[in-house]
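K.L.:
sequence unknown, structure follows:
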């Protein structure tokens, strides 16, 4: 595949991920874009979505510059809404979304906590990820 074909393929994939007309200058993935994780909490909500909701609640949402890494299968479905598709490619049943936070950044943590149910059943949660406490390798001489 030559370079021109590769660029064309990447543009086609990117176009499929945006389902709305985006005004010039509007951003989704900058460090100043703040996105709240809106979990669709009920008895079929999965552990993956519950853990993401917990993380978002602690952080007050996600910066736009981290969304592509956290949600690689996202779809922009509105100017202020991104379908998270958090458990793709395993399945396509994720109903959670990211909603753009517009307001004072000081208020974003309480705003995120509003979207996350206060009581989640602990037995449905998955253990937390390691905190990065790896042993340093000693240099052998």
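P.N.:
Arrived safely. Keep in mind that this is a model prediction, so the values were computed, not measured. Residues are numbered from 1 along each chain as shown.

K.L.:
just the helices in the chain please.
P.N.:
3-16, 47-59, 67-70, 108-115 (DSSP state H).

K.L.:
how near is residue 85 to residue 93?
P.N.:
To residue 93, residue 85 is 9 Å away according to CB to CB, to the nearest Å. (Each C-beta comes from the backbone N, C-alpha and C, glycine too.)

K.L.:
so those two - more neighbours on which side?
P.N.:
Legend: neighbour count by other CB atoms under 10 Å for residue 85 and residue 93, higher for residue 85 (20 against 10).

K.L.:
how close does that one sit to residue 78?
P.N.:
According to CB to CB, residue 85 stands 15 Å off from residue 78.

K.L.:
now find how far off-centre stretch 49-56 is within its chain.
P.N.:
From the chain centre to the centre of stretch 49-56 is a distance of 10 Å (CA atoms, centre = their mean, to the nearest Å).

K.L.:
residue contacts, the closest residue in space to residue 62 that isn't next to it in sequence?
P.N.:
Nearest non-adjacent residue to residue 62, counting by CB to CB, 6 or more residues apart in numbering: residue 35, 4.9 Å away. Counting by CB atoms under 8 Å, 6 or more residues apart in numbering, residue 35 touches 61, 62, 63, 64, 67, 82, 98, 99, 100, 101.
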